[in-house]
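Enquirer: make a model of this:
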Amino acid sequence: MKREILELERVVTSKAPRIIGISKCNVKTVVPDNTKTENKKEETPTWTKIKEHIAHFAKDENIDTLLVYFSCHGANGEALKGCSDKNMFQLGKSSELISLGDFQKEIDKLNKKVILFLDRCFPPMVEFKDNIKEFIQINACSEGQKAVFTDKGSLFTQCVIQGLKARSEKEECSKDCKHCLSYWEKRTEYISIESLSKYVNKHVKLEAPHPKKHVKITEFDIAFFTEEVVNIEFTTEIGGNPISLPLRYLSNIDEVKRMLLEFNGDTEKHEVKIEKDIFRNDQEAYGECTTLEQVMEAWINRFPLHVSFLEKKRDIN
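Expert: Now for the predicted structure:
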């Protein structure tokens, strides 16, 4: 679940291709950690972080619409002692249980338009008072069912990510998938909640119950439909040909360098230096890129990227 949520974060903040294009400062991701709570009645660290982010977004008047994606285990018929709720959210460890009542209370603080994805077993239909302006809820399965989760992860979340990416990776879920082909053929400039929901349902329905929606927004565009396949090119002295890396494989700067080193052939003795060409006062200059953000910024601004393979310095000690 953690791996898929981090991939979803990458997709929604991607600038190349621009799928949704949310600024990273407007995305908050929480994954459970191993922090222990001495008292079982104490609030779990994961839930504390979630509540802090909800409070942050509730105060931000510049945000009109919030997308909340919740991926967790779901327990039905299991209530904590002294708690009347029988539908629980399990955030990490089996002890990290949050009641439906507490969940609804927090989400209700968001006086925005809210798009809520619940990827969990036994997903409840969330009810609000008057705070939420408009609301869509899309579940991984029906309320009394278990979601499909395999060694590869959540089928529901995989299909959501696949639907958002559209054709930017030129890959369907399986060879000649009729659902993918139909989705691509009927595309418009934007992906709406309605079209994404139908796309996910057609895939999930093969192995799981129909996702449910609680819809007040009838049509809402959520992403750009893109067919742009992005490859980042790096020039190098080796062979004279540029090195091309597909964007989907770029997760952090260490991964970029590791993949570039494979083109050099001798990964043990060399290390990678990435530079962007900067022209100042008609003079060519170079600026080193030490983070993935710097590489992406250079690529987006069309600064040529250059790779040098340097011999590793020997440790004299």
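Enquirer: quick one: the strands in the stretch 1-150 of the chain?
Expert: Using DSSP state E, counting those that start in this stretch, the strands of the stretch 1-150 of the chain run over 65-71, 73-76, 87-90, 97-99, 113-119, 134-139, 149-150.
Enquirer: so what's the gap between the shortest one and the chain middle?
Expert: It refers to strand 149-150. Distance of strand 149-150 from the chain centroid (Cα atoms, centre = their mean, to the nearest Å) equals 18 Å.
Enquirer: what does stretch 243-252 give?
Expert: Taking mean C-alpha positions (Cα atoms, centre = their mean), stretch 243-252 and its chain are 17 Å apart.
Enquirer: what sits up against it?
Expert: 10, 14, 16-17, 169, 229-236, 255-256, 259-260, 263, 292, 295-296, 307 (Cβ atoms under 8 Å, 6 or more residues apart in numbering). In this view, the C-beta of every residue, glycine as well, is placed from N, C-alpha and C.
Enquirer: below-threshold pLDDT in the stretch 51-200 of the chain: ranges please.
Expert: Along the stretch 51-200 of the chain, the parts satisfying pLDDT under 70 run over 77-84, 93-95, 130-132, 172.
Enquirer: run the last query once more with 80
Expert: 75-86, 92-96, 128-133, 169-176, 187 (pLDDT under 80).
Enquirer: ranges for the helices of it?
Expert: Per DSSP state H, counting those that start in this stretch, the stretch 51-200 of the chain carries helices over the ranges 100-107, 155-165, 178-185, 193-204.
Enquirer: please name whichever of the strands of the stretch 1-150 of the chain is nearest to residue 197.
Expert: With distances scored as Cβ to Cβ, the stretch of the strands of the stretch 1-150 of the chain nearest to residue 197 is strand 134-139 (5.6 Å).
Enquirer: the closest one versus helix 100-107: what angle between them?
Expert: 140 degrees (axes from the mean of the first three to the mean of the last three Cα atoms, to 10 degrees).
Enquirer: now strand 134-139: buried residues?
Expert: Residues 135-139 are the ones in strand 134-139 that count as buried (16 or more other Cβ atoms under 10 Å).
Enquirer: what do you get for stretch 53-61?
Expert: Those would be 54, 57-58, for stretch 53-61 by 16+ other Cβ under 10 Å.
Enquirer: next: stretch 175-195.
Expert: So stretch 175-195, judged by 16+ other Cβ under 10 Å, has buried residues 177, 179-180, 183, 191-195.
Enquirer: now distance to residue 270 too, for these, in TSV please.
Expert: Shown next, in TSV, are the buried residues of stretch 175-195 (distance: Cβ to Cβ, whole Å):
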residue	distance to residue 270
177	41
179	45
180	41
183	44
191	42
192	48
193	48
194	51
195	47
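Enquirer: now for those: which two are most distant?
Expert: Among those, 177 and 193 lie farthest apart (Cβ to Cβ), at 21.4 Å.
Enquirer: how about stretch 229-247 as CSV, C-alpha atoms only?
Expert: Coordinates of each C-alpha in stretch 229-247 appear next as CSV, following Å, rounded to 0.1, in the frame of the first residue of the first chain:
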residue,chain,number,x,y,z
VAL,A,229,5.4,9.5,-23.7
VAL,A,230,8.3,11.2,-21.9
ASN,A,231,11.9,10.3,-22.2
ILE,A,232,14.7,12.4,-20.7
GLU,A,233,17.8,12.6,-22.8
PHE,A,234,21.4,13.0,-21.5
THR,A,235,24.3,13.6,-23.7
THR,A,236,27.6,11.9,-23.0
GLU,A,237,31.1,11.4,-24.6
ILE,A,238,30.5,7.6,-24.7
GLY,A,239,29.6,6.4,-28.2
GLY,A,240,28.3,9.9,-29.2
ASN,A,241,24.6,8.8,-28.8
PRO,A,242,22.4,10.4,-26.1
ILE,A,243,21.2,8.2,-23.2
SER,A,244,17.4,8.1,-23.0
LEU,A,245,15.6,7.3,-19.8
PRO,A,246,11.8,6.8,-19.6
LEU,A,247,10.3,9.2,-17.1
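Enquirer: give me the buried positions along that stretch.
Expert: Buried-residue list, stretch 229-247, by 16+ other Cβ under 10 Å: 230, 232, 234, 236, 243, 245, 247.
Enquirer: just the closest of the residues you listed to residue 155, please.
Expert: For the buried residues of stretch 229-247, the nearest to residue 155 is residue 247 (24.4 Å; Cβ to Cβ).
Enquirer: the longest strand anywhere in the chain packs against which elements?
Expert: Once the chain is assigned using DSSP state E, the strand that runs over the most residues is strand 270-280. Secondary structure elements in contact with strand 270-280, counted by 3 or more Cβ pairs under 8 Å, 6 or more residues apart in numbering; DSSP states H and E, are helix 253-264, strand 283-288, helix 292-300, strand 305-311.
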